[in-house]
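Undergrad: sequence below, structure please.
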Amino acid sequence: MARRDKFQSARIRQNSRFLKLPGEIRTLIYRAALVKNTPIDLWPHEFIKENRAHPDLLERLRKTVQDDSLIDEALVRDQHDLDHVRKEMATGLLATCKQINREAAMLFWRENTFRFSSDFDWRGLRRFLISIGPEARSRIRSLEVSPPGWTDDRTYQIIDEQQYIALPKMFAAKNHPKMHMPKALHVFGFIDNFRFICEMLRSEQTLQKLNLVIMDGWQLGCFNDIYSEYPSIQTSVLLDLQSLKHFCTVSVVLECGSAMTGPFNREFLNQVDFTLVAHPGSRVVPERPFKEWTQNSALADCRNITELQVWAPPLTDDILLEGINIFDMTDGIASPACGGKVHKPTYYGRKKLERRLKGFGGCRFVERRGDYCNDCNQHLPNLWDTYFKHEYWCTHCKIPAGYTWKEGIEVRKVDRERRVAQRAEEEDGNTW
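TA: Have a look, this model is predicted:
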C-alpha cells in the first residue's frame, strides 16, 4: 500500500444540502445563530467576586500570582457576553467551509453591536480592532464605548461609591474567559489610543454608528478645581470625533442611573454634531447658558427623564447637498493616473492622461476636508495642539501664516487586504 503524502491536499466534495437552500433562508439561519439582540460587551464593568469558585480561573491565577493568598484580591473581569458567544452562538459555522464562512462572517460582524463599557482609555478597543484584521474591521457597523475621560480634569467620573475601583487596578484586570487578543508591546496613553482608533475608522469609512455610553452610577461633565471658560473635554478630541460625522453618527447615550452635569447640555452637543439619547431614569442638565454655571452646580440641578428622549443636531443645507456637490465637481476635478500610464505616445508627441471620478486598479477616490496652511498648503490634522505647544499652526514651515478650510478629492492607494475584502463583499452581493 503506497504511502500518502502528508502535504497532499484533500479532495473536497461540495454536496451539502444546506448550500442548496435559497440564500434568503440561509440568511435567516445565520441571523438566528450568530446575531445577538443586545450589544456584546467585551469590556464590561463587572468583576468576579469569588475567584476560587472557578477552577480554570484558579489554575490560571496560580501561574501568575506569586502568593496564593493574593488570588482572592486579584481583579478579574466577568466576560459573560464573551462566554455567551463561545457557548450559545453557533460560531462553529465559521469553520465549516469557505462559502459558509464568507456568508456567515459578514452577518456576524455587520449586524452585531460590540460594546466596551468600561474601556476608559480605549486600550481594549484598540487591541480588538487590530486583532480581528482589516476584513472583519471593515464590516463592523456599530460600536459602543465609554466616553473619553481623564482623571486630571474629571470629565467622566463615578457617582456611585459602590462601583469605585482604582484606575490602575482596573487597567491591570484580567478577563475570564480569556480573550485571545495580542498584547500591547507598549502601554500607550489615552490620546494615542484615541487618535489611532479615529484614524483607523476614517481610513475604513464603514462604521455607521458610534455611541459614547454613560453607565449606571456615572456622570459626564465635571469641572476642574479651577473654573474654566470652556468644557473640560479637549478641543483635539472634539475635532477628531467631528471628523467621523461624514460617514458615522456619533451619539452620547445616558443609561438609567447616569447623569450629565456641568457645561454639557444638548445644545452644546448639537453644536459639535453629537446626538443626545437619554433613557428613562437618567438625569440631564437643564438648558441654560454656559457662563451661568459655577463650581457649586450639583446633581440636584438636573431634571429626571421619565421617557426616552432623543435630541439630534439640526440638518444644515451643506450636509443635505453634500453628495450633489461632488457630482457638480466632476468636470473640474482630475488627477494623474497613478498605477497606470501617465503619458500616452501619439503622432504629435506624448499626451498627458487624466482620470476623472472613476477608480480602477488598486486606487480609490477619497473626499478630503480639513485645515491647510496658507504658506505651504500642508494639511493640519492637529491644529490646536500644535498651536498651544509651539505657538504656530504648521510644523512644516513653522511660521504663523494662518490656515484655510479646504475641500477636495484625492487618490489613495488601497492595500491588498482591503482590495480582497472589497472584492469578497462585491461577490457576496452579486450572489445574494
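
Undergrad: tell me which element residue 100 is part of?
TA: Counting by DSSP states H and E, the element that carries residue 100 is helix 98-111.

Undergrad: ok, the following helix or strand past that helix: who's next to it in the sheet?
TA: Secondary structure here is assigned by DSSP H and E; on that basis, the next helix or strand after helix 98-111 toward the C-terminus is strand 114-116. With DSSP bridges as the criterion, the sheet partners recorded for strand 114-116 are strand 40-41 (parallel), strand 142-145 (parallel).

Undergrad: pick the most deeply packed of these.
TA: Per-stretch averages of neighbours, counted by mean count of other CB atoms under 10 Å, single out strand 142-145 among the strands paired with strand 114-116, with a mean of 20. Where you see a C-beta, it was placed from the backbone N, CA and C, and this is true even at glycine.

Undergrad: returning to what we had before: looking at the strands paired with strand 114-116, which is closest to residue 174?
TA: Proximity to residue 174 (CB to CB) singles out strand 40-41 among those, at 16.2 Å.

Undergrad: who's in contact with the closest one?
TA: Under the contact criterion CB atoms under 8 Å, 6 or more residues apart in numbering, strand 40-41 has outside partners 81, 82, 84, 85, 112, 113, 114, 115, 116, 117.

Undergrad: just checking: what are the partner strands of the one helix or strand residue 253 maps to?
TA: Counting by DSSP H and E, the element that carries residue 253 is strand 249-254. Strands flanking strand 249-254 in the sheet, each with its direction: strand 209-214 (parallel), strand 275-278 (parallel) (DSSP bridges).

Undergrad: what's the average pLDDT for the helix or strand just after the longest one?
TA: Using DSSP H and E, the next helix or strand after strand 209-214 towards the C-terminus is strand 218-220. Per-residue confidence for strand 218-220 averages out to 76 on the pLDDT scale.

Undergrad: with stretch 266-280 instead?
TA: Here stretch 266-280 scores 80 as its mean pLDDT.

Undergrad: any weak-confidence spans in the stretch 201-350 of the chain?
TA: With pLDDT under 70 as the threshold, the stretch 201-350 of the chain has low-confidence stretches at 221-239, 262-265, 268, 285-302, 315-350.

Undergrad: next: the stretch 1-150 of the chain.
TA: By pLDDT under 70, the weakly predicted segments of the stretch 1-150 of the chain are 1-14, 54, 57-58, 69-70, 72-73, 149-150.

Undergrad: repeat that for 50
TA: Across the stretch 1-150 of the chain, residues meeting the criterion (pLDDT under 50) sit at 1-2, 150.

Undergrad: mind listing the helices for the stretch 1-150 of the chain?
TA: With DSSP state H, counting those that start in this stretch as the criterion, the stretch 1-150 of the chain has helices at 23-34, 55-64, 80-87, 98-111, 123-137.

Undergrad: kindly reformat the ones you listed as a markdown table containing distance to residue 213 and mean neighbour count.
TA: Listed next are the helices of the stretch 1-150 of the chain as a markdown table, based on distance: least, CB to CB, whole Å; neighbours: other CB atoms under 10 Å:
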| stretch | distance to residue 213 | mean neighbour count |
| --- | --- | --- |
| helix 23-34 | 23 | 14 |
| helix 55-64 | 27 | 12 |
| helix 80-87 | 14 | 14 |
| helix 98-111 | 19 | 17 |
| helix 123-137 | 12 | 18 |
